[in-house]
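A.B. asks: Need coordinates for the following:
(2 chains)
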Amino acid sequence: MTNNYKRTLVTTALPYANGPVHIGHLAGVYVPADVYVRYLRLKGEDVLMIGGSDEHGVPITLKAKKEGITPQDVVDKYHGIIKESFEKFGISFDIYSRTSSPVHHQTASDFFKTLYDKGEFIEKTSEQFYDQEAKQFLADRYITGTCPHCHKDGAYGDQCESCGTSLNALDLINPKSTISGSTPVMKMTKHWYLPLDKHEPFLRQWILEEHKEWKTNVYGQCKSWLDQGLQPRAVSRDLDWGVPVPVEGADGKVLYVWFDAPIGYISATKELTPDWEKYWKDKETRLLHFIGKDNIVFHCIVFPSMLKAEGSFILPENVPANEFLNLEGDKISTSRNWAVWLHEYLEDFKDKQDVLRYVLTAAAPETKDNDFTWKDFQARNNNELVAILGNFVNRAVVLTQKYYEGKIPTAGQLQDYDKETLAEITAIVARVEESLNLFRFREALREAMNLARLGNKYLADMEPWKLVKTDAERVKTIMNVSLQITANLGIVCEPFLPFTAAKIRNMVNLGSLTWSDAGRTDLLAPGHQTNEPELLFAKIEDAEIQLQLDRLAASKAANQAACSVADPAKENISFDEFSKMDIRVGTILEAERVPKTKKLMKLLVDTGIDKRTVVSGIAEFFTPEEIIGRQVSILVNLAPRDLKGITSQGMILMAENADGKLCFVQPSEMVKPGSMIK
RNA sequence: GCCGAGGUAGCUCAGCUGGUUAGAGCGCAUGAUUCAUAAUCAUGAGGUCGGCGGUUCAAGCCCGCCUCUCGGUACCA
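C.D. replies: The predicted structure follows:
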């Protein structure tokens, strides 16, 4: 597969510049990509690794507003933190750029223009909220109001953070602009759409027929999207932060962030080399996107459609997407501060980049979500890196110092066991290579560690420390073999543990080697002088782990405290306004789940006035049997509404707990159906 | 509800187009050993392969139903 291509272009998902990078990003994208790229470089292949910060989009403008700074300030801050932490961590980007750069703006703008001129977009005019005071259209996120579902204030136009429901801004009750506080009006606005549906036949052929070798999670996800049918997707929006839409009459419109972000890969390449077209437009280039599973649809469906529509670009050959990494059993969350932040890790664990790289590779979420625990981190460091890898290298080098003042001894006549051991080096290297070619990084790393295991076993079986008293000549051979294994570790570990590999090569005093040197059993010539041994890894004590666990516990406590604070009171209303609501006590006579829904229950309620049908979103918490006969509060004069083809006449009042659980609001003793609640 | 991915030893995972007693690493137990950061090496215990049914001479792998986890999607008056 690899052989048909002359070069490889690796892109890594652009981290969103509204927060630092955490272990989830690393395990899913950057560590595997870096392992792969380092491996290809070692093989002497022509490869570029592209990265950068994704700096546009509404969340960044909101964050800026909240902190009273400009969007540029926000992205400057996080781009700086992210870029620096990647560098220190050893993610070997050829370039780490950003989408606020002039080159990117130009590139994205040109890309849009090309598609525009080719007639690849469709134009649609629709009504959207407009703030008359601020004179601008409002993104969903800029509108706040009362959630139509849980009736809490402070819901955003796209999502209510109280009940977690995704919303349509048009449904918000009492909408307000977060910019001026005024009530927005509806106004017509024009936008351009990429007709994904038009590319569907091509995508089906290209993915479902020609790329059956993609990972099952990626392939399945694509099939799911294609089977559901693709819709045109807006590529522009009314906002003042982003890449301006480069056509007449598009003032105040920018490219939608999903459209400009992947073009960032192209911009960065352009910034890196004048030869960029060779990497993007030559059929002999292999394009690979390293991403997390949340990005599958963009990189397998949307971006390829864009590239295809443009016409001159190549399409990805593979998209090795990973699943998600959890932390101590809970989902990683930037807003809830439930994460291990890279820049903090680098502070807390100085010079232990490879430890985290090792743990994240060994426990990478390659086939399903995985859990990172500090206990596991400690165990893998102490029991694997220290005990197996570090220890073997140390034994080999220390014995060499002790017996030969650090000079490589000459091997004598090889015994069968020596030959078998040397042959095993080659076999291991081949297996590492095979796994890496298939993007199976966990497996590759495990195999690389087998080289150290081989060394430990060889030493234990040969016992040179005993033999040295009776057969000094034989010991020279044993040590020579052990040192050849050590030197090989200096190569094989490079993709996974670059800092460690450099230390090993330094200890045995070898310069840079290539992957083709791996497997050789004469890397170290007799008489070659090695350097003083140094320990590769240090044990990590319980106290250090406890510190991290305490920090997480504190974060959890802070979240719970924030959760337990009741929402502020709503605006005052008059008694008349209250009186308009006709709330009664009713009795549930019948209840059944609405088929094909998760939450809906169809109820027949005796309101005292009549018997009426009400559809309520309570099916997640109650079974029909347990609620029949129960007295409940019901708002009877709410306008009827059709839900799943059933007319709901009224609303059952529910109390919602912080965890989202619902319970009925009912009278403390039985009352006559139809009793007023006032 | 629908679509997709997953549920294999305490933990993290392998198991190719179905084929002898289901594998690895770590952890655990026992033994050996001391060159090495009490590290290493050997041996062993530990699995109703999520559950039930079916196809087959033969199923972890194929089919059906159920269940749990994750993601997408519909849905909360």
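A.B. asks: Can you point out the buried residues in the host helix or strand of residue A:103?
C.D. replies: Using DSSP states H and E, the element containing residue A:103 is helix A:102-117. Across helix A:102-117, burial judged by 16 or more other C-beta atoms under 10 Å covers A:103, A:104, A:105, A:107, A:108, A:109, A:111, A:112, A:115, A:116. Just so you know, the C-beta spots here come from the backbone N, C-alpha and C atoms, and that holds for glycine as well.
A.B. asks: Quick check: the fourth one touching residue A:267?
C.D. replies: Yes: here residue A:107 lies in contact with residue A:267, judged by C-beta atoms under 8 Å, at a distance of 4.1 Å.
A.B. asks: Which residue, other than its chain neighbours, is closest to the residue of the stretch 501-650 of chain A found nearest RNA strand B?
C.D. replies: For the stretch 501-650 of chain A, the residue closest to RNA strand B is residue A:617, as judged by C-beta to the nearest atom of the strand, at 2.7 Å. Among residues not flanking residue A:617 along the chain, residue A:599 sits closest, at 4.2 Å (C-beta to C-beta, 6 or more residues apart in numbering).
A.B. asks: Local confidence estimate at that neighbour?
C.D. replies: You'll see residue A:599 listed with a pLDDT of 78.
A.B. asks: now residue A:658
C.D. replies: Per-residue pLDDT puts residue A:658 at 61.
A.B. asks: now residue A:344
C.D. replies: On the pLDDT scale, residue A:344 is placed at 95.
A.B. asks: can you tell me how far it sits from residue A:29?
C.D. replies: 19 Å (C-beta to C-beta, to the nearest Å).
A.B. asks: Comparing these two, which residue is more hemmed in?
C.D. replies: residue A:29 (26 against 15; other C-beta atoms under 10 Å).
A.B. asks: That one against residue A:12, yeah?
C.D. replies: Yes: between residue A:29 and residue A:12 there is a contact under C-beta under 8 Å: 5.2 Å.
A.B. asks: so what sits against both of the two?
C.D. replies: By C-beta atoms under 8 Å, 6 or more residues apart in numbering, residue A:29 and residue A:12 have these common neighbours: A:290, A:291.
A.B. asks: Report the secondary structure element holding the residue nearest to residue A:290 when sequence neighbours are not counted.
C.D. replies: Spatial nearest neighbour of residue A:290, excluding adjacent residues (C-beta to C-beta, 6+ apart): residue A:33 at 3.8 Å. Taking DSSP H and E as the criterion, residue A:33 maps to helix A:31-42.
A.B. asks: Please pull up the helix or strand immediately following the helix or strand that residue A:454 is a member of.
C.D. replies: Per DSSP H and E: residue A:454 is located in helix A:441-462. Next along the chain after helix A:441-462, taking DSSP H and E as the criterion, comes helix A:464-467.
A.B. asks: what's the angle from the helix or strand following that next one to helix A:441-462?
C.D. replies: The helix or strand immediately downstream of helix A:464-467 is helix A:472-492, counting by DSSP H and E. Relative orientation of helix A:472-492 and helix A:441-462, computed by axes from the mean of the first three to the mean of the last three C-alpha atoms, to 10 degrees: 170 degrees.
A.B. asks: Tell me the buried residues in helix A:472-492?
C.D. replies: A:474-492.
A.B. asks: With stretch A:119-134 instead?
C.D. replies: Within stretch A:119-134, the residues that qualify as buried are A:120, A:121, A:128, A:129, A:130, A:131, A:134, counting by 16+ other C-beta under 10 Å.
A.B. asks: and that stretch, what's its mean pLDDT?
C.D. replies: The model assigns stretch A:119-134 a mean pLDDT of 82.
A.B. asks: now stretch A:487-494
C.D. replies: In the prediction, stretch A:487-494 has an average pLDDT of 96.
A.B. asks: cool, and stretch A:546-554?
C.D. replies: 91.
A.B. asks: Then stretch A:25-34?
C.D. replies: 94.
A.B. asks: residues contacting residue A:620?
C.D. replies: Here residue A:620 is in contact with A:598, A:599 (criterion: C-beta under 8 Å, 6+ apart).
A.B. asks: in which helix or strand would I find it?
C.D. replies: Taking DSSP H and E as the definition, one finds residue A:620 inside no helix or strand.
A.B. asks: Relative to the whole chain's centre, how far out is stretch A:384-393?
C.D. replies: Computed by C-alpha atoms, centre = their mean, to the nearest Å, the chain-centroid distance of stretch A:384-393 equals 31 Å.
A.B. asks: quick check, residue A:411 in a strand?
C.D. replies: No: using DSSP: H, G, I helix; E, B strand; the rest coil, the assignment for residue A:411 is coil, not a strand.
A.B. asks: Can you name the residues in contact with stretch A:100-114?
C.D. replies: Identification of contacts with stretch A:100-114 by C-beta under 8 Å, 6+ apart yields A:55-56, A:72, A:75, A:79, A:97-99, A:235, A:243-247, A:255, A:259-260, A:263-264, A:266-268, A:270-271, A:306, A:310.
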